[in-house]
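**Student:** the following comprises the amino acid sequence and a computationally predicted model.
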Amino acid sequence: MAQATPLFDEREKPGGDRLAALVRSMLEELGEDPNREGLARTPWRVADSMRFLLSGYDLDVAQVINGAVFEESYEEMVVVKDIEVYSLCEHHLLPFYGKAHVAYLPSGRILGLSKIPRVIDVFARRLQVQERLTTQVADALHQALEPLGVAVVIEAVHLCMMMRGVQKQTSEAVTSALTGAFRTDEKCRTEFLSLIGRSSLSSH
């Protein structure tokens, strides 16, 4: 009996897509038929998705900020809150997602507001743990702006907790990273928490 021609054609792989080939092998290892109609293009779709979700490895903060730091005498707190965050847990390759709140106290320089979410994406689009992500964002902004202080709070839910393991659907992880005045000045820290609608840095 003649063997059916696979729907997955090696010649269609752009540049010999090794990642797509690995996804195909994974489907086979899981007992699926990667030649069936619903899965025929899945290896390329997954490969494209992973390259996008992990595109932060090809970025750096200086490239993203691209000179959008401006001399300005403004001295009050700058807060950007409820920034959507999506990342992949490095332990299970499952998503975690939520929102970030970022503040800084200028010291003669301000950053274009749209750059703050972009800086977050530099680090979120990598294999991550939430704790490291929070610290990396705070450190990057502190280095780029040299402000009096930076505060970052991330609130997120993790599918590795919701879909497997303890299977808790309502658990939320809250992480914070504080530099400069936000770490040393309680009044400054309290003002930040009030502006983002939190009474403390503990989970709700």
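**Tutor:** That came in fine, so what should we check first? Numbers count the residues shown, from 1 in each chain.
**Student:** kindly state the domain boundaries assigned to this protein.
**Tutor:** With domains defined by automatic domain parsing, the chain comprises 10-53, 59-195.
**Student:** can you put these in JSON lines and add mean pLDDT, distance to residue 201 and mean neighbour count?
**Tutor:** Quick note: C-beta positions are derived from backbone N, CA and C, even for glycine. What follows is the domains of the chain, written out as JSON lines (pLDDT from 0 to 100; distance: least, CB to CB, whole Å; neighbours: other CB atoms under 10 Å):
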{"stretch": "domain 10-53", "mean pLDDT": "89", "distance to residue 201": "28", "mean neighbour count": "14"}
{"stretch": "domain 59-195", "mean pLDDT": "95", "distance to residue 201": "5", "mean neighbour count": "17"}
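**Student:** residue 122 against residue 62, yeah?
**Tutor:** No: Residue 122 is beyond contact range of residue 62, at 10.0 Å (criterion: CB atoms under 8 Å).
**Student:** quick one: residues contacting the spatially most central residue of the chain.
**Tutor:** By CA atoms, centre = their mean, the chain has its centre lying nearest to residue 124, at 1.9 Å. Neighbour list for residue 124: 56, 85, 86, 87, 133 [criterion: CB atoms under 8 Å, 6 or more residues apart in numbering].
**Student:** quickly find the element holding residue 157.
**Tutor:** Applying DSSP states H and E as the criterion places residue 157 in strand 149-158.
**Student:** next structured bit after that strand?
**Tutor:** Using DSSP H and E, the helix or strand that follows strand 149-158 towards the C-terminus is helix 159-162.
**Student:** so which elements touch that following helix?
**Tutor:** Helices and strands touching helix 159-162, by 3 or more CB pairs under 8 Å, 6 or more residues apart in numbering; DSSP states H and E, are strand 95-105.
**Student:** return the alpha-carbon coordinates of the strand it packs on using PDB.
**Tutor:** Listed next in PDB are the C-alpha coordinates belonging to strand 95-105 (Å, rounded to 0.1, in the frame of the first residue of the first chain):
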ATOM      1  CA  PRO A  95       2.100  32.100  30.100                       C
ATOM      2  CA  PHE A  96       1.800  34.500  33.000                       C
ATOM      3  CA  TYR A  97       0.000  37.800  32.500                       C
ATOM      4  CA  GLY A  98      -1.300  40.800  34.400                       C
ATOM      5  CA  LYS A  99      -0.400  44.400  34.800                       C
ATOM      6  CA  ALA A 100       2.600  46.500  35.700                       C
ATOM      7  CA  HIS A 101       2.700  49.800  37.500                       C
ATOM      8  CA  VAL A 102       5.800  52.000  37.100                       C
ATOM      9  CA  ALA A 103       6.900  55.200  38.700                       C
ATOM     10  CA  TYR A 104      10.000  57.300  38.800                       C
ATOM     11  CA  LEU A 105      11.100  60.600  40.500                       C
END
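**Student:** quick one: residue 161 and residue 171 touch, right?
**Tutor:** Yes: counting by CB under 8 Å, residue 161 touches residue 171, with 5.6 Å between them.
**Student:** wait, is residue 45 part of a strand?
**Tutor:** No: applying DSSP: H, G, I helix; E, B strand; the rest coil, one finds residue 45 to be helix, outside a strand.
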